[in-house]
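Student: Have a look at this prediction, sequence included:
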Amino acid sequence: MHERSSRMSRPWRATALLITGLVIGTTLAATPAGAHVGGTVTHLVNHLKGFFYTKGQSDARYLRPTVKLGETIRGTVGEQVRVSNVGEIGVNGQLPRSAPVGLDDDHVVIDGVDEAAGECPGTSDVPTAAPGFLCMYPYSDANVTPLEGAIWGGGDGTKWGFQVSLDVTSTTIAFWFANWAYRAPLSTSRPIGPDTTSGDGCTVDGQAGC
């Protein structure tokens, strides 16, 4: 008799657990409309994030709209074209995140073309840049000569992209591709514009525009 009673206790335990679950579910369903639980899917996702981060921390974790000061980001830029006349063309590059300060002609350069000493100390395999500079490192080209890195038009101060000027030397297919690195400046204290304390009218440490 004792053995039978022991075997029967297992289904009763399962039933008790099921009843407990139903009670909890009913309680949640009966929570007043003004309570925190409920609402849209977005509301619930934000609520779950809150168990691990505050809402501001969660947004910053997944959305990084601005490159941090001193941070280096990398990418590629280039184009293949077939033209009927030789001459200059422009190719556009885009930053995946906004720069903390605007870029200008003097801080967008091509390694070995229009850079000054020390601005682009890396290679195409390991692209790097001095603070405040965007350096391009060509790795594949044909029938084209790079002229300069630039911010074309009246765009000095843009934070979202850059351009490169190329001279196409043949009417056959021409192409130019480069890896680039952008290192954000260490400070945003200097405004974009000439540095009146330097001899050439430019900032001497790449902290801001020129």
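Tutor: Okay, I see it.
Student: how about Phe175, secondary structure?
Tutor: Using DSSP: H, G, I helix; E, B strand; the rest coil, the three-state assignment for Phe175 comes out as strand.
Student: Excluding covalently adjacent residues, which one is nearest to it?
Tutor: Setting aside the residues directly before and after it, Phe175 is nearest to Gln80 in space (C-beta to C-beta, 6 or more residues apart in numbering), at 3.7 Å. Glycine gets a C-beta too; all of them are placed from N, C-alpha and C.
Student: neighbours of the one you found, just the number please.
Tutor: 12 (other C-beta atoms under 10 Å).
Student: what residues are up against it?
Tutor: For Gln80, the contacting residues are Ile173, Ala174, Phe175, by C-beta atoms under 8 Å, 6 or more residues apart in numbering.
Student: How about Ser170?
Tutor: Contacts for Ser170 (C-beta under 8 Å, 6+ apart) come out as Val86, Asn143.
Student: please redo it, this time with the cut-off set to 6 Å
Tutor: Taking C-beta atoms under 6 Å, 6 or more residues apart in numbering as the criterion, Ser170 is in contact with Asn143.
Student: In whichever strand or helix holds Pro146, which residues are buried?
Tutor: Using DSSP states H and E, Pro146 falls within strand 144-150. Residues of strand 144-150 classed as buried: Val144, Pro146, Leu147, Glu148, Gly149, Ala150 (neighbour count, 16 or more other C-beta atoms under 10 Å).
Student: ok, these vs Trp180, which is closest?
Tutor: Of all the buried residues of strand 144-150, the one with the least separation from Trp180 (C-beta to C-beta) is Gly149, at 8.8 Å.
Student: quick one, strands of this structure?
Tutor: Assigned by DSSP state E, the chain shows strands spanning 72-82, 87-94, 108-110, 134-142, 144-150, 161-168, 173-183.
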